[in-house]
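K.L.:
Got a predicted structure plus its sequence, pasted below:
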Amino acid sequence: MDVDFGDGTKESRSSLEPVRHAYKQPGTYKVTTTLKDVKGATSTTERSVEVTYTPAGYVAVHPARVLDTRTANTPVQGGTATPIAVPVHYYSSGPHHTAGASAAVLNVTVTGATEDTHLGVWPSGQARPATSNVNVKAGGTSSNTVTVPIGADGKISAQLNSGRAALIVDFVGYYQPNAGQRFAPIAPTRVVDTRTAGGALGGGQTRTVKVAGVNGIPADATAVALNLTGTGATENSHVIAYPYQDKRPTTSNLNLEPGKDKSNQAIVPVGPNGTITLYTNSGSTHLVLDAVGYYGTHGTTLFTPVAPQRLADTRTTGKLAPGAATTVTGIPASALGAALNVTATDTTGPGFLTVYGHGGVRPDASSLQTRSGETVPHHVTTPVADGRVTVWNSYGGANHAVTDLFGYFTQG
């Protein structure tokens, strides 16, 4: 028996026994099976197979830096893909495949860019998509959480559109079939606001805050997905959110600048007594944390990664006026939540965008901060209804909004 799997690989067997094969990437493949009997007669059958990623649970890890091009003075160059190894047991392809992680969660920072540019991240071995993850101005620093499928070689690829910049990648967790915890998406819920309680966080200081066992998040949650916003920063600085106060990692979650409200999404493992710890390295800043979901035994959904794809771009349909909203479609109808990258660009005034399940009540919390003259990306985890989400623009300036899909959550 000869089997052609339609992806350039073949396998021969001397007996009629089950054949297993794992593909390197999703798609539709034509599988051709040829049988030959003892008299030399042959029979051939063909079948199309639709290949998708398997729904997976989330495994939180202690954050770790996996790449910092500053240490070897080897900045990334525009137009050249950089391979990044992810420290997990990945899902290998072929007849002797092994189950493992299907997607990684990273915090990706671009700094010292020689010109205004953007960075895209995608699975190694697959075609570079038309999506982006981090936008940065010349001389600036920008970071964003990235959820991305892992390539068949256990790596991801990152490429700067143009210019040159330093690239920093922190590994914070991964999704794996038949492992980890399920996710429960929730409408954005404010859990911390230092402007109203506790006061600004000072440089070199830590503050431990309770995020589980409050605000509808179960006490046994293992990780919480948060929108982390810094406002009123007095110096260029960074913020770290982590589970154990005495085990601060050398990673970062948010890069701050004076006079700018900046935000990033973080998936943070929960520490003792339902707490996490916040730290900033210099100056002082106010911090606002909005929970958008949690992982744990009370979670109800599993994550299916997808090859990054663009869902909507208002640059082709018209700008979002202050107070206006747009509906984004193209998410599977069965999805209860989605991992998106939403980018605000060509902004005429400071404000924010809020992303929420279509037809639902718009929450008071923001999904990303918009800034005049800047392009701002943001990883957004949001509830979904009927395969749609709504993107609402605040009463600041007009914005273009670009929405990319990196995966979705379904009942599991």
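P.N.:
Ah, there it is. Numbers count the residues shown, from 1 in each chain.
K.L.:
so what's His400 up against?
P.N.:
313-315, 319-320, 344-347 (Cβ atoms under 8 Å, 6 or more residues apart in numbering). All C-beta atoms are positioned from the backbone trio N, CA, C, and that covers glycine.
K.L.:
What about those residues, which one has the most neighbours?
P.N.:
When neighbours are taken as other Cβ atoms under 10 Å, the top entry among the contacts of His400 is Ala344 (28 neighbours).
K.L.:
Now stretch 61-74: buried residues?
P.N.:
For stretch 61-74, a neighbour-count test (16 or more other Cβ atoms under 10 Å) marks 63, 66-67, 69 as buried.
K.L.:
measure it end to end?
P.N.:
Stretch 61-74 has an end-to-end distance of 27 Å (criterion: Cα to Cα, to the nearest Å).
K.L.:
could I get the contacts of His400 as a markdown table with distance to Pro149?
P.N.:
Shown next, in a markdown table, are the contacts of His400 (distance: Cβ to Cβ, whole Å):
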| residue | distance to Pro149 |
| --- | --- |
| Asp313 | 22 |
| Thr314 | 26 |
| Arg315 | 26 |
| Lys319 | 32 |
| Leu320 | 30 |
| Ala344 | 25 |
| Thr345 | 25 |
| Asp346 | 30 |
| Thr347 | 30 |
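K.L.:
Between the buried residues of stretch 61-74, which sits nearest Thr42?
P.N.:
Checking the buried residues of stretch 61-74 against Thr42 by Cβ to Cβ gives Val66 as the nearest, at 49.9 Å.
K.L.:
Please compute how far the host helix or strand of that closest one lies from its chain's middle.
P.N.:
Taking DSSP states H and E as the definition, one finds Val66 inside strand 57-68. Centroid displacement of strand 57-68 relative to its chain, using Cα atoms, centre = their mean, to the nearest Å, is 13 Å.
K.L.:
burial count for Ile217?
P.N.:
Ile217, neighbours per other Cβ under 10 Å, totals 23.
K.L.:
got it, and Pro129?
P.N.:
16.
K.L.:
Look up the closest residue to it, ignoring the ones flanking it.
P.N.:
Among residues not flanking Pro129 along the chain, Pro308 sits closest, at 4.3 Å (Cβ to Cβ, 6 or more residues apart in numbering).
K.L.:
I'd like the mean pLDDT over the host helix or strand of the one you found, please.
P.N.:
Following DSSP H and E, one finds Pro308 within strand 301-313. Summarised as a single mean, pLDDT over strand 301-313 is 95.
K.L.:
so after it, what's the next helix or strand?
P.N.:
Next along from strand 301-313, by DSSP H and E: strand 325-328.
K.L.:
Just the C-alphas of that next one, formatted as PDB.
P.N.:
Extracted in PDB, the C-alpha atoms of strand 325-328 (Å, rounded to 0.1, in the frame of the first residue of the first chain):
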ATOM      1  CA  ALA A 325     -18.400  51.500  15.800                       C
ATOM      2  CA  THR A 326     -17.700  48.900  13.200                       C
ATOM      3  CA  THR A 327     -18.600  45.200  13.100                       C
ATOM      4  CA  VAL A 328     -15.800  42.700  12.300                       C
END
